[in-house]
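Chemist: give me a model of this one.
(chains A and B)
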Amino acid sequence: MAPIAAEPPGAEALYEAAPCGLLLADPNGRVLRANLTLCRWLQYPCDELVGTLRFQDLLTMGGRIFWQTHLQPLLRIQASVAEVKLELRRKDGTAAPVMVNIAERPFEGGTLLHVAVLLAEDRHKYERELLLQRRRAEELAAQHARDQQELATARAEAEDRAQFAEQLVGIVSHDIRNPLSVIRMSAALLQRGATPEQQAQAVARVTRAVQRVQHLIGDLLDFTQARVGSGLRVRKRDCDLHHAIADSVSELAVAFPAQHLLHEQAGDGRCVADADRIVQAIGNLVANAATHGDATRPITVRSEGDGGTFRVSVHNHGRPIPPELLPRLFEPMVRGADANAAEGVGLGLYIVREIARAHAGHVDVRSTSAEGTTFVLDWPCA
Amino acid sequence: MSTSSVLRRNNVHVQGEGPPVIFVHGFGCDQAMWRRLVPHFAESYTCILMDLVGSGQSDLTAYDKQKYSTLHGYAQDLCEVLAAVTTAPAVCVGHSVSSMIGLLANIASPDQFAAQVMVGPSPCYINDGEYFGGFERGDIDSLLETLESNYLGWSSNMAPAIMGAPEQPELAVELTNSFCRTDPEIAKQFARVTFLSDHRADCAKLQAPTLVLQCSEDLIAPRAVGEYLQRHIPNCTLRIIENVGHCPHLSAPSASADAIEQFLRGL
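Modeler: Numbers count the residues shown, from 1 in each chain, chains lettered A, B, ... in the order given. Next comes the predicted model:
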């Protein structure tokens, strides 16, 4: 360096009290001199900074790694670095955020490090704020992506529901039209005058048609309750289910005169349940078995209690349920490929599942060509 | 990958003639850090210089978070660069983390390597029971924080400004570019991958003659780490260079060159 010919007056005062920290170090960072400003900022007596400490000793651990892996190599390659943000540790261990410029200058055959330090408290706060905002922006962007995803899912669900409603209207009108036409034809027959035998048959047909419509309306009300409300309403009380199920199997035998119905019972029949709902579920399962099962072989209803769990199963022989239908079997409006008007709106199994759920239980199905089809409902007794 | 795209991806430069020596820089810098060593070796060796993907002037678009989530991704690149330049077994001179990248590449493809030179290596930076790596997990978090706050001051692709170095006019042309450029996001991941890596279990698998070149005072790779490597690498020589810092090839280039040269002559 060219020596300054005559030091201007006040130069030493400027060095010591300059509005920035100044530090002179050997190439390894050992502090040779530090001005008063820097000593004051770092709360060190100047003689403690000089001679023993290295510049990098003043850095935080992260800063030291950065110094060794990045700043020192850069200094060796290009002799200077500027506008580097670091944290210097004061004597009491607290960190002072600073901006640092460093230059490696030749001196007496070797080199020295010239370091200028500026406090950057406000800038540091501002940067923290920026980082925080950036993180917040990143979180918002991630949230936005999640919202979009949820919105797409909700939209798909809404579309499903709309389609479902349309289908429901179609099926319901179809299923009401059939019994209505039975009633209309029977009325026409009665009006024309008929033999007492024909009259009795016509009245029986009308009664069955009315029952079908009533059943349909019952299913729709249950469906609405289960789907829109807080679940299917059940009134659980102490009851003897073996007894109630035996009664219902006798009634079903009348309703399905072509079928051979068996009731098996095992263990304790006492249970806390809504017996009417359980009977309703069995009715739905038996009706399915009669529609899809082998009509020449019996349908078996089995009730079994062990004091802990109550289990009701309905078994029929015949062709198994197509495997592709199984995953959605208990969803509303799923009907077999051989569906016909006699089968109803496809709410039967859905209502069975809702009855099981309302009893804190569940329903399962096994179906193979060897064993036939068995639906099993179970729920806790108490 | 084609030869030319590998060369472009890793910004490969070749100079000199003779048996091949490949130089691989460490975390935080690029191939510029070999500038004081290469002229010495180019007289009798083919010197191959490369930038790790994400550093220096490598192709940033080749950076794949998944691939470079371990050092194995970089080791694969190293083998590809060697295959693109030479068929002869090469000496691999790796600095810092690239010592371990070289070790992994050598284990995966031993035929491509004649020897390993490790400058300031560490198989594991974090202390673990009896093992002294020099750092605690919190130190690495502190580094990531330092990196993050520094990049705020930099435009996305710039190293710290240079104040000019009138004493070194040969730098004048290069000053328009910056050395050791890094993309902030990549630097953060690379720091994490580097300083959280643990390849102690791989040391015993290295069969090639190995020189560990260590500084007498190095925060990143303390003496105990060099001694650990000497004990665990089967065919290993440990040489200590009197130097404070992590880059003897920059601060003590002739001592470093002599030590490497002596090792290479003994092969």
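Chemist: and the closest residue to chain B within the stretch 201-350 of chain A, what's its pLDDT?
Modeler: Closest approach between the stretch 201-350 of chain A and chain B, counting by Cβ to the nearest Cβ: residue A:327, at 34.3 Å. For the C-beta atoms, the positions are set from N, CA and C on the backbone; glycine is no exception. Listed pLDDT for residue A:327 reads 85.
Chemist: and what of residue B:29?
Modeler: 87.
Chemist: which SS state does it fall under?
Modeler: coil (DSSP: H, G, I helix; E, B strand; the rest coil).
Chemist: same check, this time on residue B:115
Modeler: strand.
Chemist: hang on, the residue of the stretch 201-350 of chain A closest to chain B in a helix?
Modeler: Yes. Checked against three-state DSSP, residue A:327 lies within a helix.
Chemist: count the residues that sit near it.
Modeler: By the criterion of other Cβ atoms under 10 Å in any protein chain shown, residue A:327 has 9 neighbours.
Chemist: which residues sit against stretch B:73-80?
Modeler: B:1, B:6, B:9-10, B:22, B:24, B:50, B:52-53, B:64, B:67-68, B:92, B:98, B:101-102, B:104-105, B:108-109, B:112 (Cβ atoms under 8 Å, 6 or more residues apart in numbering or on different chains).
Chemist: hmm, 6 Å instead?
Modeler: B:6, B:52, B:67, B:101, B:104-105, B:109, B:112 (Cβ atoms under 6 Å, 6 or more residues apart in numbering or on different chains).
Chemist: out of those, which sit inside strands?
Modeler: The strands, defined by DSSP state E, take in nothing from these.
Chemist: most neighbours of all these, which one?
Modeler: That'd be residue B:105 among the contacts of stretch B:73-80, by other Cβ under 10 Å, with 29 neighbours.
Chemist: what helices or strands is whatever helix or strand residue A:198 lives in leaning on?
Modeler: Using DSSP states H and E, residue A:198 maps to helix A:196-228. Under the contact criterion of 3 or more Cβ pairs under 6 Å, 6 or more residues apart in numbering or on different chains; DSSP states H and E, helix A:196-228 touches helix A:121-192.
Chemist: could you pull up the mean pLDDT of the helix it packs on?
Modeler: 87.
Chemist: what helices or strands is that helix leaning on?
Modeler: Short answer (3+ Cβ pairs under 6 Å, 6+ apart): helix A:121-192 packs on helix A:196-228.
Chemist: how about the helix it packs on: buried residues?
Modeler: A:202, A:205-206, A:209, A:212, A:215-216, A:219, A:222-223, A:225-226 (16 or more other Cβ atoms under 10 Å in any protein chain shown).
Chemist: interface residues of chain A facing chain B?
Modeler: Proximity of chain A to chain B is confined to A:28, A:60-66, A:68-70, A:72-74, A:76-85, A:103, A:106, A:127 under the rule Cβ under 6 Å from any Cβ of the partner chain.
Chemist: show me which of these are buried.
Modeler: Applying 16+ other Cβ under 10 Å to the residues of chain A next to chain B flags A:60-66, A:68-70, A:72-74, A:76-81, A:84-85, A:103, A:127 as buried.
Chemist: among those residues, which are in helices?
Modeler: Judged by DSSP state H, the subset of these located in helices is A:61-66, A:72-74, A:76-78, A:127.
Chemist: how much space separates the residue nearest in space to the middle of chain A from residue A:156?
Modeler: By Cα atoms, centre = their mean, chain A has its centre lying nearest to residue A:150, at 10.1 Å. Distance, residue A:150 to residue A:156, by Cβ to Cβ, to the nearest Å: 11 Å.
Chemist: same question for residue A:232.
Modeler: Relative to residue A:156, and taking Cβ to Cβ, residue A:232 is found at 26 Å.
Chemist: chain B: strands as residue ranges?
Modeler: Counting by DSSP E, the strands of chain B are B:13-15, B:20-24, B:46-50, B:90-95, B:113-119, B:210-217, B:236-244.
Chemist: which residue does the stretch 51-200 of chain B bring closest to chain A?
Modeler: For the stretch 51-200 of chain B, Cβ to the nearest Cβ, closest residue to chain A: residue B:142, 3.2 Å.
Chemist: that residue touches residue A:63, doesn't it?
Modeler: No. Residue B:142 lies out of contact with residue A:63 (Cβ atoms under 6 Å); the separation is 7.7 Å.
Chemist: now for the two: what residues contact both?
Modeler: By Cβ under 6 Å, 6+ apart, no residue touches both residue B:142 and residue A:63.
Chemist: number of nearby residues for the closest residue to residue B:36 other than its chain neighbours?
Modeler: Counting by Cβ to Cβ, 6 or more residues apart in numbering or on different chains, residue B:36 lies nearest to residue B:253, which is 3.8 Å off, once chain neighbours are set aside. Neighbour count for residue B:253, taken as other Cβ under 10 Å: 19.
Chemist: how close does the residue nearest to residue A:115 when sequence neighbours are not counted get to residue A:57?
Modeler: Using Cβ to Cβ, 6+ apart and skipping residues adjacent in sequence, the residue nearest residue A:115 is residue A:23, 4.1 Å away. As judged by Cβ to Cβ, residue A:23 and residue A:57 stand 12 Å apart.
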